[in-house]
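# predicted model and sequence follow; I will ask about them next.
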Amino acid sequence: MLAAGTAPAFISELATLLVASAIVAYLGHRLRLLPIVSFLIAGALIGPQALGLVRDERLIESAAEVGVILLLFSIGIEFSLAKLALIQRLIFLGGGLQVGLTVALVAGALGLAGVGWRAGVFTGFLVALSSTAIVMKLLMDRRETGTEGGESALGILIFQDLAVVAMVLFVPMLGGAGGSAWDLAVAFAKALGIVVLVLVAARRLMPPLLEAVARTCSQEIFVLAVVAICFGTAWATSLAGVSLSLGAFLAGLVVSESRFSALVFGEILPLQILFSAMFFVSVGLLLDFRFLMAHPWALLAAVGAVLLVKVLATGASLRLLGYGSATAAFSGLLLAQVGEFSFVLERTGRAVGLFPAGVENGGPQTFIATTVVLMMATPVLARFGARIRDRRGAERAAPSAAQPEPGDGGAVGELGDHVLVAGFGEAARRLVPVLDARGIPYLVLTLSPGGAREAEADRLRVLRGNYTRRHELERGKIERARLLVVADDDPETTRRVVAAARALNPDLEVVARVQGEDQIAALREAGASSVVAEEREGMARIVGRVLESYGVDPSAVRAEEELVRSAAAVAARAGDRRIRLSEAQRSTRACSHVALARPVSPSASVCVECVEAGDTWVHLRVCLTCGHVGCCDSSKNQHASRHHGAAGHPLVASLEPGEDWAWCYEDQTYL
């Protein structure tokens, strides 16, 4: 136990790092610098070579390693095994060419300068590696992971991470410290074997595991399980010699096979942002300003040489694979820095008497300074590469870009001026069929696995995700939505969703539901435009408010509200008996309107129109679009057919006990 008023020794340095990072990042934002550059500058300023506010580099390195793991994990989630298979040629051939050409160019140039081949090859290893963390962070921020240039960079980076295994084993051999070609082959085979094992497990184990965890509906258990998968897989793969970053990427690929991958991404994102920031700060800590001032020309020459070699090697590799010159230039500039793992490789070489460019005094510091400067310059280089690419108009979406899957929102990217429905409870179940019937665009966000499966079975547009998270609301295109309906049963969750949505879209109309009047003030303060009461009247008013927002005729709005009230009353008396087409009926080719059928709750247990007129009926039919109940054509008033004529809803089902058939008015056929 710590005495009162005391704190662990590392807390002061950790607090200094976070405060300085936040301040510099804010100032960088005002100066329109990318966050990565701000964090690198922050690290350089507070490091032992400048102000000396942070001296415990091991603490920061540990936090930085966590940041790299979480960053690569989230990148793996956004990727998929299918996309990985499509770029396997790029990974092994393109990556192999890039690494081989870089090592050959560096070793050849140094050989002409009189440097021995061992030191030349070692330096080539250092230069060949690029920063996976920086490159993928930039691509994610620019939303270019699925472009041709983004995927070419990722493919080469994956090969580099695999090549690290061989390099770590080969460096002692270069330094004469033992090892053999057989040891190298065995280690590389082990690494490939563990990669294959992890990917096979992805298909079989991960989807049911995440399904079981998600069914608990516990955010704490879900987040804990996700973090365990991330770090457990990274650690397990590291036992076979694979780098932690590649292991984390594989863990993300494993999770990407589950339909909960987007939910996982949303939960891990806050942790990833915090720890990856620490990674960039830790790199900045290595920069020695005094060395920069003492050797500016040597540093400038080293930076220029590395930049030239990396751009030439990467560009030539991609051109040999058939990529256009614009994509090759963009990827070459994007990968022109030296990677974070090169620091580890440099220390390994130093232990066996190998130094960058064969220079013992000043070589390591020149290498570190060159690496940090190029990392800082990467955002600028990427922007320059993008201009070259865009000027030539050669960039296009990569052929392996993921296509929208049914049940995961469909073509979410096409949404605009839509209703975003947060939660799939009773209110949402009443609202969504009305929106669908009237052609109003909508998207349901739900955290419940059961609710998501039900919505998917009904062919509704749905995304699985925690809608209290900024990321999930952005996936739902909240910036382009007209209206948000928060239909969650938990008051605190509702308040958080309203506040997050208002921050993301100040002009959004937000309709929220409450269970008690004491919650109204809090929701209005959070930013709700309209707050409606719970239960039957609340559900009716939600439907009415949404339809009013889209300019539906007031009489039609009142009619829809009455249908909701009536349906809720029926459900309250007899349970919610939802009527839907069977799978066999949905698959029939006799009717071309089955896609318009929705599971509906009958609006009444009688023909209301006949009752109001004082008449009787023979049989009852229910509209499979809106739930309206009317009498059959054998009845005097034929209210079911009249409803079809007025509303244009094509399908009805029998509401008589023991009958499960349906009828299409348009195609004149039974289902």
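Done, it's in. Numbering: from 1, shown residues only.

# surely Thr123 and Ala107 touch.
Yes - here Thr123 lies in contact with Ala107, judged by C-beta atoms under 8 Å, at a distance of 7.3 Å. Bear in mind the C-beta positions are built from the backbone N, C-alpha and C, glycine included.

# more neighbours: the two, which one.
The neighbour comparison of Thr123 against Ala107 (other C-beta atoms under 10 Å) goes to Thr123, with 27 against 22.

# who does the stretch of helix or strand that one belongs to touch, helix- and strand-wise?
Assigning secondary structure by DSSP states H and E places Thr123 in helix 117-128. If contacts are counted by 3 or more C-beta pairs under 8 Å, 6 or more residues apart in numbering; DSSP states H and E, helix 117-128 sits against helix 95-112, helix 148-174, helix 296-320, helix 341-351.

# what's in contact with it?
98-99, 102-108, 110-111, 115, 160, 163, 167, 170-171, 174-175, 306, 309-310, 313, 338, 342, 345-346, 349, 354-358, 367 (C-beta atoms under 8 Å, 6 or more residues apart in numbering).

# cool, and stretch 436-445?
In contact with stretch 436-445 (C-beta under 8 Å, 6+ apart) are residues 409, 412, 415-424, 428, 432, 435, 455, 460-463, 465, 467, 472-473, 476-477, 546-547, 550, 552, 596, 598, 625-626, 649.

# now do the end-to-end distance for it.
16 Å (C-alpha to C-alpha, to the nearest Å).

# what's the average pLDDT for it?
The pLDDT scores in stretch 436-445 average 84.

# one more: stretch 337-346?
On average, stretch 337-346 scores 80.

# now do it: distance to the chain's middle.
Put simply, stretch 337-346 sits 27 Å off its chain's centre (C-alpha atoms, centre = their mean, to the nearest Å).

# what about the residue lying closest to Glu656 once chain neighbours are set aside, how many neighbours?
Leaving aside its chain neighbours, Glu656 sits nearest to His619 (5.5 Å; criterion: C-beta to C-beta, 6 or more residues apart in numbering). The tally of other residues near His619 (other C-beta under 10 Å) stands at 15.

# now list the buried members of the contacts of stretch 436-445.
Taking 16 or more other C-beta atoms under 10 Å as the criterion, what is buried in those is 409, 415, 418-424, 428, 432, 435, 455, 460-463, 465, 467, 472-473, 476-477, 546-547, 550, 552, 596, 598, 625-626, 649.

# so of these, which ones are in helices?
428, 432, 435, 455, 472-473, 546-547 (DSSP state H).

# most widely separated two among the residues you listed?
Of all pairs drawn from these, the one with the longest distance (C-beta to C-beta) is Glu472 and Leu547, at 25.6 Å.

# returning to that earlier point: so which of the ones in helices among the buried ones among the contacts of stretch 436-445 comes closest to Leu274?
Using C-beta to C-beta, these come closest to Leu274 at Glu472, 18.6 Å.

# just to revisit the earlier point, and the angle for the helix or strand just after the helix holding Thr123 with helix 341-351?
Using DSSP H and E, the next helix or strand after helix 117-128 towards the C-terminus is helix 132-142. Angle between the axes of helix 132-142 and helix 341-351 is 170 degrees (criterion: axes from the mean of the first three to the mean of the last three C-alpha atoms, to 10 degrees).

# where is the longest helix in the chain?
helix 363-392.

# what's the spacing between it and its chain's center?
Taking C-alpha atoms, centre = their mean, one finds helix 363-392 lying 26 Å from the centre of the chain it belongs to.

# what angle do it and helix 148-174 make?
Using the same axes, to 10 degrees: helix 363-392 against helix 148-174 is 160 degrees.

# where do the strands sit along this structure?
419-422, 442-446, 462-464, 483-486, 509-513, 530-532, 620-623, 629-631, 651-654, 662-664, 669-670 (DSSP state E).

# just the ones you listed: most buried one?
strand 419-422 (a mean of 28; mean count of other C-beta atoms under 10 Å).

# list the helices and strands that strand packs on?
By 3+ C-beta pairs under 8 Å, 6+ apart, strand 419-422 packs against helix 426-437, strand 442-446, strand 483-486.

# contacts for the last one, please.
Taking contacts as C-beta under 8 Å, 6+ apart, the residues outside strand 483-486 that touch it are 419-423, 427-428, 431, 478, 494, 497-498, 501, 508-513, 528, 542, 546, 549.

# what do you get if the cut-off is 7 Å, keeping everything else the same?
Identification of contacts with strand 483-486 by C-beta atoms under 7 Å, 6 or more residues apart in numbering yields 419-423, 431, 478, 494, 497-498, 501, 508-513, 542, 546, 549.

# in the sheet, which strands lie alongside it, parallel or antiparallel?
strand 419-422 (parallel), strand 509-513 (parallel) (DSSP bridges).

# lowest mean pLDDT across those strands, which one is that?
Taking the mean pLDDT of the strands paired with strand 483-486, strand 509-513 comes last: a mean of 83.

# how far off centre is that one?
The answer for strand 509-513 is 26 Å, by C-alpha atoms, centre = their mean.

# and if you look at stretch 594-603?
33 Å.

# got the end-to-end distance for it?
Using C-alpha to C-alpha, the two ends of stretch 594-603 sit 21 Å apart.

# for the closest residue to Leu129 other than its chain neighbours, what are its contacts?
Residue nearest to Leu129 in three dimensions, not counting chain neighbours: Gly339, with 3.7 Å by C-beta to C-beta, 6+ apart. When contacts are counted by C-beta under 7 Å, 6+ apart, Gly339 touches 129-132.

# between these, which is closest to Gly193?
Looking across the contacts of Gly339 and measuring by C-beta to C-beta, the closest to Gly193 is Thr132, at 21.9 Å.

# okay then, goodbye and thanks.
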